[in-house]
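Participant: Structural data only, the sequence is not supplied:
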């Protein structure tokens with residue numbers, strides 16, 4: 001049973017354009033990211049997130065995975081510093097989501113640190129559904145073919161859109177109580193495409209996911 005084929009989970013497909021996000025978050029309507037909710041504080045997640053330090057010594061949360069779950073990120077590092085940092089923290093958002101699932105904690109501080117708004121709600125819902133269903137994860141989960149594109153920027157906030165593929169053909173659902181692993185065969189349903197709108201306050205090294213779009217059965221990610 002593949003990770004997102006669990007009967008208690010559904011993928012969310014919402015628009016991740018900077019314009020719509022800024023409008024929804026009370027921006028000025030000029031298309032500039034003057035006030036992206038949670039970009040600097042993590043607000044907008046199910047509960048309050050730690051504030052990001054503008055210094056290099058940010059106290060980041062644990063996003064480690066258990067020994068039986070390998071998260072593989074085959075990402076080429078962009079030469080642009082902002083795009084590279086946004087890509088790194090997009091990967092941390094995925095790690096944090098999986099951390100919450102394997103820790104069975106819908107209020108896990110890790111995803112709250114790396115997301116806000118709709119992206120935080122998506123992570124919270126995914127984790128909550130796994131916990132309610134009595135499932136966790138095991139196997140190898142691979143992410144690849146990452147691209148980054150600059151979004152809007154203002155005097156306060158900058159954004160980067162990050163997209164990448166996921167191959168979940170080797171990651172499986174595992175029953176928490178019995179530890180029984182439900183294996184499935186590789187199929188088009190094994191492939192997904194993520195689009196994340198990442199935002200960071202100027203001067204902060206932390207980028208947080210604001211919105212996430214997950215497209216299932218992504219033909220372009222197969223092969």
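Facilitator: That came through, no problem. All figures in this text were calculated on a predicted structure; none of them were measured in a lab. Residues are numbered from 1 along each chain as shown.
Participant: Residue 88 is in contact with residue 78, correct?
Facilitator: No - at 9.9 Å, residue 78 does not count as touching residue 88 under the criterion of CB atoms under 8 Å. The C-beta positions use only the backbone N, C-alpha and C, and glycine is treated the same way.
Participant: tell me what the lengthiest helix in the chain is packed against?
Facilitator: Counting by DSSP state H, the longest helix found in the chain is helix 81-103. Counting contacts by 3 or more CB pairs under 8 Å, 6 or more residues apart in numbering; DSSP states H and E, helix 81-103 packs against strand 69-74, helix 109-113, helix 117-133, strand 135-153, strand 157-175, strand 191-201, strand 208-216.
Participant: got the buried residues for that helix?
Facilitator: Neighbour counts over helix 81-103 (16 or more other CB atoms under 10 Å) mark 82-103 as buried.
Participant: Also stretch 109-127?
Facilitator: Buried-residue list, stretch 109-127, by 16+ other CB under 10 Å: 109-124, 126-127.
Participant: Of the helices and strands packed on helix 81-103, which is nearest residue 184?
Facilitator: Residue 184 lies closest to strand 157-175 among the helices and strands packed on helix 81-103, at 6.9 Å (CB to CB).
Participant: Enumerate every residue touching the residue lying closest to residue 68 once chain neighbours are set aside.
Facilitator: Of all residues not flanking residue 68 in the chain, residue 138 sits nearest, at 4.6 Å (CB to CB, 6 or more residues apart in numbering). By CB atoms under 8 Å, 6 or more residues apart in numbering, residue 138 lies in contact with 68-69, 171-172, 174, 181.
Participant: With residue 105 instead?
Facilitator: Residue 105 touches 127, 131, counting by CB under 8 Å, 6+ apart.
Participant: Kindly report the same for residue 190.
Facilitator: 2, 167-169, 184, 222.
Participant: Against residue 218, how distant is it?
Facilitator: Taking CB to CB, to the nearest Å as the measure, residue 190 and residue 218 are separated by 10 Å.
Participant: got it, and residue 132?
Facilitator: Taking CB to CB, one finds residue 132 at 27 Å from residue 218.
Participant: More neighbours: which of the two?
Facilitator: residue 218 (19 against 10; other CB atoms under 10 Å).
Participant: The more buried one contacts residue 164, correct?
Facilitator: No - at 10.4 Å, residue 218 does not count as touching residue 164 under the criterion of CB under 8 Å.
Participant: ok so, going back, dump the helices and strands packed on helix 81-103 into CSV; add mean pLDDT as well.
Facilitator: Formatted as CSV, the helices and strands packed on helix 81-103 follow (pLDDT from 0 to 100):
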stretch, mean pLDDT
strand 69-74, 98
helix 109-113, 97
helix 117-133, 96
strand 135-153, 95
strand 157-175, 97
strand 191-201, 97
strand 208-216, 96
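Participant: Of all those, which one comes closest to residue 62?
Facilitator: Between these, helix 109-113 lies closest to residue 62; by CB to CB that is 6.5 Å.
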